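K.L.:
Could you work out the structure for the sequence below:
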Amino acid sequence: MRGRLGAPIVTVAVAVATMSLAQAQKRDPVEKPGPPMSGFYDYWNAGSEFGVGIGITDVLTCSIGVLTQPAVYAGNNLVDCDAEVPHNETTITVNPYDPSHAVAGYHSYQISALGATLIAHIIGTTSVTFDGGANWQEVVPPITPFQFSGDPALAFDTNGRVYFANIADHEGPGGNFTAPSVIVAHSDDGGLTWSSPTTVAAGQGAVTAGGGSRVLSFQDKEFIAVDTSPASPYTDRAYVTWTSFQDTPFQSISPIMVARSDNGTSWSQPRRISGSHPACATPFGGSAPGECAHNQFSSPSTAPNGKVYVAFENFNTPAENQYMVVTSSNGGASFGNPVRVDTIFDVNFPISPFSGRSTLTGCQFRVAAPGNIAADPSDPTGNTAYIAWADNRNGTPAASNADVLLARTTDGGQNWTTYVIDNTPNDQFYAWVAVAPNGRVDVGYMDRSYSSGQGVCQYGFSLNRLTFNAGGIATQVKTRVDTGLSDAGRSRWFSSLTGGNATFLGDYNAVAVGSDGATWSLWTDFRNIIPMAPANRNHGQHAVGVRTP
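P.N.:
Alright, predicted model coming up:
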């Protein structure tokens, strides 16, 4: 059931290749960091274990299902099937008019041989199901003229068109990564085939091997939403937001940008929307006082009346960082200045000595606190929305204790109330929120409370379903939805320097709710054991999920 690249990749990747990705510049543990760039900025360093240069990525397709997947995934769904290579940064969307039809996205690390040299390419990849998750078909969309794509994000419109957003860049000889850009492709057959990508925002400059060159404009961490409300004056309008790292001799800033489209091929000119606020009190990098100039991790969402919400993390603070939200009531033509939601406690995470980035006790993978924003489809006024994240407010740099938070607004984003959703022992991290048609709020996240403790880097996946009334949370039910612990502490991938403890598993998970109220969860999973691999580094990395009625 594998595509034509499956067998050779298994042999080459397991027997020969090791990977140590994203060795970021290290920082002093007491230094407050600015916005972190994605793994693309660090990927040049993978050349120490892989050949670099322009390679050819074959288009492939393969299928997997509950009857053909390995028994270790019983009760869950293996979504990828291309090979025993890394898969991470999962995303998922459900057809608003067919709750059995969903499209998933994730990174697939395509490995090919050029003579005796291995060429590794990250490709934003998709899988589609038409039967409620029982069977999946993996499809690698075209990315020409780019060589790499990543940070995948998906959204349906009301006509069944699927949008697939990524960042993408070109590769030159010697490992240069040039013009990191925001791209969007679309599918009109439900995810079986994809258009060539449209460039929404072009990057400028390059990252060279050794990290020597300055990137003039690095487009990073995009996400996408489509207005699917029949009552909206902007039905089927797509919105993409991202961080634009802009580095010139006079400024080094990272504003949040937006572009919109009514057809997926023609996009508006990018607009800066992160604005100014008194809480953006610490200017640096040449930014003006009060300017919210240093940001990352944006996510958009649309309300039933067409209102657009965009949430993002801001770093113009003297200590811990903060969640901010901007809104538009005219279809994205303009946005107001941001509103502060809450503090994000992510400066006080432990620091990995291998990557120099925030991590969790007992682990080495980089961790980020922010999640996403989701408007309530059951509120016709468009005034109710939710933001989920997980931060270390109850932990310390010596011992993490990440917990899941949920902020709620009922007045269109002007005021927010924060609730602690899960503070059970050990870490809960990478939270994602979706709202059901009846207003039920679903928060999914990785959960270390199912492991033996923080001495091992293991996690499961939890789904927390909530309802609200005028007084706040009315009901709350937490369910463990994975059927096997992920062991990131014995990873085959991203672990050559750590003795098995993965330094990368992606920066987010995915949760979506169909029109029938069923919840789709998708996460990076480390349960599969690779035969003949060393015992301390024998767990693969795959996209795994489940549909919960």
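K.L.:
And the helices in the stretch 351-500 of the chain?
P.N.:
Under the criterion DSSP state H, counting those that start in this stretch, helices are not mapped anywhere in the stretch 351-500 of the chain.
K.L.:
quick one: low-confidence ranges for this structure?
P.N.:
Along the chain, segments meeting pLDDT under 70 span 1-31, 33, 39-59, 112-114, 116-120, 171-177, 207-215.
K.L.:
ok, which stretches of it are helices?
P.N.:
6-15, 39-42 (DSSP state H).
K.L.:
At which residues are the strands of the stretch 151-300 of the chain located?
P.N.:
Here the stretch 151-300 of the chain has its strands, by DSSP state E, counting those that start in this stretch, at 162-172, 176-187, 198-201, 206-207, 217-226, 238-247, 252-253, 256-261, 271-272, 295-302.
K.L.:
Those into TSV, with extra columns for distance to Val420 and mean neighbour count?
P.N.:
In this view, the C-beta of every residue, glycine as well, is placed from N, C-alpha and C. Below are those laid out as TSV (distance: least, CB to CB, whole Å; neighbours: other CB atoms under 10 Å):
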stretch	distance to Val420	mean neighbour count
strand 162-172	32	24
strand 176-187	34	23
strand 198-201	37	20
strand 206-207	39	22
strand 217-226	25	26
strand 238-247	27	26
strand 252-253	33	21
strand 256-261	27	24
strand 271-272	33	16
strand 295-302	20	27
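K.L.:
Quick one: closest of those strands to Cys280.
P.N.:
Among the strands of the stretch 151-300 of the chain, the nearest to Cys280 by CB to CB is strand 295-302 (9.3 Å).
K.L.:
Direction included, what does that closest one pair against?
P.N.:
Strand pairing for strand 295-302, using DSSP bridges, gives strand 308-314 (antiparallel).
K.L.:
can you map out the strands along the stretch 401-549 of the chain?
P.N.:
Under DSSP E, counting those that start in this stretch, the stretch 401-549 of the chain gives strands at 403-409, 417-422, 428-435, 441-447, 458-469, 472-480, 486-487, 510-513, 519-525, 542-548.
K.L.:
Ok, which of these comes nearest Gln219?
P.N.:
That would be strand 510-513 among these, by CB to CB, at 21.5 Å.
K.L.:
Let me have the strands of the stretch 151-300 of the chain in CSV, extended by distance to Phe365.
P.N.:
As requested, the strands of the stretch 151-300 of the chain are exported to CSV (distance: least, CB to CB, whole Å):
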stretch, distance to Phe365
strand 162-172, 20
strand 176-187, 22
strand 198-201, 28
strand 206-207, 22
strand 217-226, 17
strand 238-247, 21
strand 252-253, 27
strand 256-261, 25
strand 271-272, 32
strand 295-302, 16
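K.L.:
So which of those strands is nearest Pro35?
P.N.:
Closest to Pro35 of the strands of the stretch 151-300 of the chain is strand 295-302 (CB to CB; 3.7 Å).
K.L.:
Kindly export that closest one (C-alpha atoms) in CSV.
P.N.:
Below are the C-alpha coordinates for strand 295-302, written out as CSV (Å, rounded to 0.1, in the frame of the first residue of the first chain):
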residue,chain,number,x,y,z
ASN,A,295,5.3,39.0,17.0
GLN,A,296,4.9,35.4,16.0
PHE,A,297,2.3,32.5,15.9
SER,A,298,-0.7,34.3,14.3
SER,A,299,-4.0,32.5,13.6
PRO,A,300,-7.2,33.8,11.9
SER,A,301,-10.8,32.8,12.4
THR,A,302,-14.1,34.1,11.0
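K.L.:
on that earlier part again, how about the strands of the stretch 401-549 of the chain in a markdown table, adding mean neighbour count and distance to Pro534?
P.N.:
Shown next, in a markdown table, are these (neighbours: other CB atoms under 10 Å; distance: least, CB to CB, whole Å):
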| stretch | mean neighbour count | distance to Pro534 |
| --- | --- | --- |
| strand 403-409 | 24 | 34 |
| strand 417-422 | 17 | 34 |
| strand 428-435 | 26 | 27 |
| strand 441-447 | 27 | 25 |
| strand 458-469 | 21 | 18 |
| strand 472-480 | 12 | 30 |
| strand 486-487 | 24 | 14 |
| strand 510-513 | 26 | 31 |
| strand 519-525 | 28 | 20 |
| strand 542-548 | 25 | 19 |
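K.L.:
would you list the ones you listed in CSV and tack on distance to Pro141?
P.N.:
Shown next, in CSV, are these (distance: least, CB to CB, whole Å):
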stretch, distance to Pro141
strand 403-409, 32
strand 417-422, 34
strand 428-435, 23
strand 441-447, 25
strand 458-469, 26
strand 472-480, 33
strand 486-487, 27
strand 510-513, 17
strand 519-525, 18
strand 542-548, 15
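K.L.:
just so I know, which of the ones you listed lies nearest Asn159?
P.N.:
Using CB to CB as the measure, strand 510-513 is the one of the strands of the stretch 401-549 of the chain that comes nearest Asn159, at 18.2 Å.
K.L.:
which outside residues touch the closest one?
P.N.:
Contact with strand 510-513 is made by 90-94, 102, 104, 432-437, 440, 442-444, 463, 519-523, 545, as judged by CB atoms under 8 Å, 6 or more residues apart in numbering.
K.L.:
so Trp136 touches Thr125, yeah?
P.N.:
No: Trp136 is not in contact with Thr125 according to CB atoms under 8 Å; the separation is 11.6 Å.
K.L.:
middle-most residue in this structure, spatially?
P.N.:
Tyr508 (3.8 Å; CA atoms, centre = their mean).
K.L.:
roughly how far apart are that one and Ala206?
P.N.:
Tyr508 sits 26 Å away from Ala206 when distances are taken as CB to CB, to the nearest Å.
K.L.:
Then Pro270?
P.N.:
Taking CB to CB, one finds Pro270 at 20 Å from Ala206.
K.L.:
swap in Tyr419?
P.N.:
44 Å.
K.L.:
got it, and Tyr73?
P.N.:
40 Å.
K.L.:
now Val182
P.N.:
Taking CB to CB, one finds Val182 at 17 Å from Ala206.
K.L.:
Can you give me the neighbour number for the residue lying closest to Ser486 once chain neighbours are set aside?
P.N.:
Distances taken as CB to CB, 6 or more residues apart in numbering put Phe526 closest to Ser486, at 3.8 Å, once the chain neighbours are dropped. Here the number of neighbours of Phe526 (other CB atoms under 10 Å) works out to 26.
K.L.:
residue contacts, Phe526?
P.N.:
Phe526 touches Ser486, Asp487, Ala488, Arg490, Ser491, Ala502, Leu505, His539, Gly540, Gln541, counting by CB under 8 Å, 6+ apart.
K.L.:
Surely the second one and Gly460 touch.
P.N.:
No: using CB under 8 Å, Asp487 and Gly460 do not qualify as a contacting pair, with a distance of 11.0 Å.
K.L.:
Count the residues that sit near Gln251.
P.N.:
Gln251, neighbours per other CB under 10 Å, totals 12.
K.L.:
Apart from its chain neighbours, what residue comes closest to it?
P.N.:
What sits nearest to Gln251 in space, not counting adjacent residues and going by CB to CB, 6+ apart, is Gly286, at 3.7 Å.
K.L.:
do Thr265 as well
P.N.:
Among residues not flanking Thr265 along the chain, Thr198 sits closest, at 5.5 Å (CB to CB, 6+ apart).
K.L.:
same thing with Asn77?
P.N.:
In space, and not counting its chain neighbours, Asn77 is closest to Gly133: 4.9 Å by CB to CB, 6+ apart.
K.L.:
Same question for Gly205.
P.N.:
Leaving aside its sequence neighbours, Gly205 sits nearest to Leu216 (CB to CB, 6+ apart; 3.7 Å).
K.L.:
Contact partners for Thr410?
P.N.:
Asn383, Thr384 are the contacts of Thr410 under CB under 8 Å, 6+ apart.
K.L.:
Buried residues, stretch 274-293. List them.
P.N.:
Ser274, Gly275, Ser276, His277, Ala279, Cys280, Gly285, Ser287, Gly290, Glu291, Cys292, Ala293 (16 or more other CB atoms under 10 Å).
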